[in-house]
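> pasting a predicted model and its sequence here:
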Amino acid sequence: MVSGSADRVGLAVGCALTRMKLQSAVLFIVVAACAEPSESPPDPFAALMDAVHESYGFSGAVVVARRGDIVFEGGWGFANQEADLRFSPDTPVDGASLAKTLVAAGLWQLQSEGRLALTDRVRDHLPSFPHEATTLGQLLDHSAGLAELDDATGLTNADVVAALGPTPLFAPGSRFSYCNECFDVLALVTERVSGQPWDTFLQERFFTPLAMDSAFVRPAMVADWDGVRTRSYRRVDGELLDHDVFDNEPFYGSSNVYFSARDLARWATAFVDGSVLGPAGFRAGREQATSASGTRSALNRLNWFQDAPGGPAYFDGHLRGFHSVAYWDPDTGVVVAWVSNVLGGRPQEHQLTRALVALAAGEPAGPLPRFDAVGVTPLVEPTAIDGAYALPGLGVVEVEWADGIALVSVAEGPLHEGYPATGFYLPTQGVEMGFTNLVGGRYQALHWLTVFDSVAGSRVGS
């Protein structure tokens with residue numbers, strides 16, 4: 001096992017060998033340090049993460065494993081600057097949407113026990129649910145058409161159900177739209193079916209059996225926290241400024257579970273070895289959801305992004321400064337988990353995950369991870385992104401600005417919503433999308449980035 005440390009000076013770049021290569025239309029620079037003959041070569045994981053910490057101010061922790069054996073782990077920066085608490089692989093952070101993978105796994109377990117079926121109507125288990133025909137599976141697949149609540153502060157899961165409108169936004173099962181409220185409803189259903197509070201259900205089914213010793217469901221009120229809490233920050237001009245989580249959040253399912261990097265590595269390993277479900281449930285859960293029109297989701301039915309049937313999978317969570325990632329490959333057994341608590345000045349998350357996965361496969365990580373493409377800026381008209389772009393391997397991607405979001409279709413497929421981030425984030429696809437080369441008030445190139453793909457293409461037509 002090799003550990004990283006925040007106290008490293010960074011990369012020793014003595015006589016450096018530099019080579020350049022073009023990969024997926026993005027220029028990468030690889031720098032290899034020249035070591036003295038008597039010195040051991042630097043660990044590539046430590047070199048990458050020390051450089052990311054020094055150059056971008058990365059604050060967080062990383063665990064890389066192969067079939068349960070730790071390959072690399074380390075922590076960098078402050079978990080709580082005010083308390084002088086530094087990160088370690090066991091430091092818990094807000095996992096945000098990664099909580100959804102717990103909900104999905106719990107549902108599949110309950111189905112395997114015959115206590116529910118994903119084809120059940122939600123009302124069969126939750127009579128107060130307002131939409132008569134919606135099924136548990138449609139909630140799970142992000143295809144129920146529930147409207148996003150403007151503000152969930154102070155709402156319990158039962159309050160979330162009561163706040164849903166009388167009719168869905170679209171016919172359930174007809175298309176996909178990323179849905180937080182769906183998973184709050186499913187967590188409530190899980191409680192009703194299991195007869196256990198949510199935190200007890202998770203502890204008995206997942207946290208204790210998998211030794212996820214730092215994981216817990218957060219208290220609704222920050223004042224009720226035990227011990228020193230990991231805080232969330234944003235970096236401005238090199239300084240950490242408070243960017244903390246929201247108070248008074250009694251709901252759960254869509255979010256509000258804390259994990260350490262080690263917890264996430266153990267959670268991902270349970271999918272590598274299949275221990276989270278029996279073989280039949282695991283096979284079915286790894287199938288990708290399909291809408292009534294035949295469109296396939298980028299998410300499988302265990303709520304992990306999956307590029308190909310049976311292939312590697314990952315999911316991530318964002319909230320304020322917190323960002324968490326868990327990646328697993330069933331063929332190689334490689335697991336990559338990392339967490340961070342700083343917004344601003346950080347590398348692009350997908351690029352960092354890709355670099356760690358590459359190192360785990362024995363390949364070069366490339367340069368410091370970054371995403372240079374942008375979204376709409378105050379100096380650029382939103383219509384600068386409108387148009388069609390030809391991307392190798394994907395086909396024509398059409399983009400249209402609409403009321404603060406980007407509507408995106410791939411190869412004349414269904415529309416996906418892209419929300420402003422560094423560029424635009426498409427939550428139903430796990431895609432970071434950005435634009436470069438502004439000419440005559442219109443961007444000429446589009447960069448399409450996931451953990452699995454990094455491709456760029458040019459505008460077609462006028």
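Done, it's in.
> does anything pack onto the helix or strand where Ala158 lies? Which helices or strands?
Assigned by DSSP states H and E, Ala158 belongs to helix 157-163. Judged by 3 or more C-beta pairs under 8 Å, 6 or more residues apart in numbering; DSSP states H and E, helix 157-163 is in contact with helix 180-194. C-betas here are computed from N, CA, C, even on glycine.
> mind giving me the packing neighbours of the helix it packs on?
Helix 180-194 makes packing contacts with helix 99-112, helix 136-140, helix 157-163, helix 198-202 when contacts are defined by 3+ C-beta pairs under 8 Å, 6+ apart.
> what's the second one in contact with?
Counting by C-beta atoms under 8 Å, 6 or more residues apart in numbering, the neighbours of helix 136-140 from elsewhere in the structure are 103-104, 107, 116-122, 125, 144, 146, 172-173, 179, 182-183, 185-186, 189, 289, 301, 303.
> what subset of these is buried?
The neighbour-count test (16 or more other C-beta atoms under 10 Å) marks 103-104, 107, 116, 118, 122, 125, 144, 146, 172-173, 179, 182-183, 185-186, 189, 289, 301, 303 as buried among the contacts of helix 136-140.
> so which of the helices and strands packed on helix 180-194 gets nearest Leu264?
Among those, helix 99-112 comes nearest to Leu264, with 9.7 Å by C-beta to C-beta.
> mind saving the C-alpha coords of the closest one as CSV?
Backbone C-alpha positions of helix 99-112 (Å, rounded to 0.1, in the frame of the first residue of the first chain) are rendered in CSV as follows:
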residue,chain,number,x,y,z
ALA,A,99,-27.1,8.1,-1.7
LYS,A,100,-29.3,7.1,-4.6
THR,A,101,-27.2,4.0,-5.2
LEU,A,102,-28.1,2.8,-1.7
VAL,A,103,-31.8,3.3,-2.4
ALA,A,104,-31.6,1.3,-5.6
ALA,A,105,-29.6,-1.6,-4.0
GLY,A,106,-32.1,-1.7,-1.1
LEU,A,107,-35.1,-1.9,-3.5
TRP,A,108,-33.5,-4.8,-5.4
GLN,A,109,-32.8,-6.6,-2.2
LEU,A,110,-36.4,-6.2,-1.1
GLN,A,111,-37.6,-7.5,-4.5
SER,A,112,-35.4,-10.5,-4.2
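> quick one, that helix and helix 180-194 angle?
Compare the direction of helix 99-112 with that of helix 180-194 by axes from the mean of the first three to the mean of the last three C-alpha atoms, to 10 degrees and you get 40 degrees.
> mind listing the strands for the stretch 251-400 of the chain?
257-259, 288-290, 296-300, 305-306, 313-319, 322-328, 334-340, 342-343, 387-391, 395-402 (DSSP state E, counting those that start in this stretch).
> make TSV out of these and add distance to Val410 and mean pLDDT.
TSV is the format used below for those (distance: least, C-beta to C-beta, whole Å; pLDDT from 0 to 100):
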stretch	distance to Val410	mean pLDDT
strand 257-259	32	98
strand 288-290	15	92
strand 296-300	10	94
strand 305-306	15	96
strand 313-319	20	96
strand 322-328	23	97
strand 334-340	26	98
strand 342-343	29	90
strand 387-391	8	97
strand 395-402	5	96
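> can you list these in JSON lines and add distance to Pro209?
Formatted as JSON lines, these follow (distance: least, C-beta to C-beta, whole Å):
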{"stretch": "strand 257-259", "distance to Pro209": "15"}
{"stretch": "strand 288-290", "distance to Pro209": "27"}
{"stretch": "strand 296-300", "distance to Pro209": "22"}
{"stretch": "strand 305-306", "distance to Pro209": "24"}
{"stretch": "strand 313-319", "distance to Pro209": "20"}
{"stretch": "strand 322-328", "distance to Pro209": "17"}
{"stretch": "strand 334-340", "distance to Pro209": "17"}
{"stretch": "strand 342-343", "distance to Pro209": "32"}
{"stretch": "strand 387-391", "distance to Pro209": "43"}
{"stretch": "strand 395-402", "distance to Pro209": "43"}
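> which parts of stretch 397-414 are buried?
Neighbour-count burial for stretch 397-414 flags 397-401, 405-406, 408-410 (criterion: 16+ other C-beta under 10 Å).
> low pLDDT regions in the stretch 101-250 of the chain?
Counting by pLDDT under 70, the stretch 101-250 of the chain shows no low-confidence range.
> next up, the contacts around the residue nearest to the spatial centre of the chain.
In the chain, the residue lying closest to the centroid (C-alpha atoms, centre = their mean) is Asp316, at 1.3 Å. Contacts for Asp316 (C-beta under 8 Å, 6+ apart) come out as 97-98, 323-326, 349, 430.
> from Arg235, how far out is it?
20 Å (C-beta to C-beta, to the nearest Å).
> please apply the same query to Arg121.
Note on Arg121: its distance to Arg235, by C-beta to C-beta, is 47 Å.
> check Asp372 too.
For Asp372, the distance to Arg235 - C-beta to C-beta - is 18 Å.
> these two: who's more crowded?
Set Asp372 next to Arg235 and count neighbours by other C-beta atoms under 10 Å: Arg235 wins out with 19 against 12.
> was I right about the more buried one contacting Val342?
Yes: with contact defined as C-beta atoms under 8 Å, Arg235 counts as touching Val342 (5.5 Å).
> what do these two both touch?
Gly57.
> one step back: between the helices and strands packed on helix 180-194, which one is nearest to Leu356?
With C-beta to C-beta as the measure, helix 99-112 is the member of the helices and strands packed on helix 180-194 nearest Leu356 (19.0 Å).
> from the chain's centroid, how far away is that closest one?
Centroid displacement of helix 99-112 relative to its chain, using C-alpha atoms, centre = their mean, to the nearest Å, is 18 Å.
> who are the packing partners of that helix?
In this structure, helix 99-112 makes packing contacts with helix 136-140, helix 180-194, helix 198-202, helix 279-285, strand 313-319, judged by 3+ C-beta pairs under 8 Å, 6+ apart.
> pipe the ones you listed into a markdown table and attach distance to Leu391 per row.
Formatted as a markdown table, the helices and strands packed on helix 99-112 follow (distance: least, C-beta to C-beta, whole Å):
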| stretch | distance to Leu391 |
| --- | --- |
| helix 136-140 | 30 |
| helix 180-194 | 29 |
| helix 198-202 | 40 |
| helix 279-285 | 30 |
| strand 313-319 | 21 |
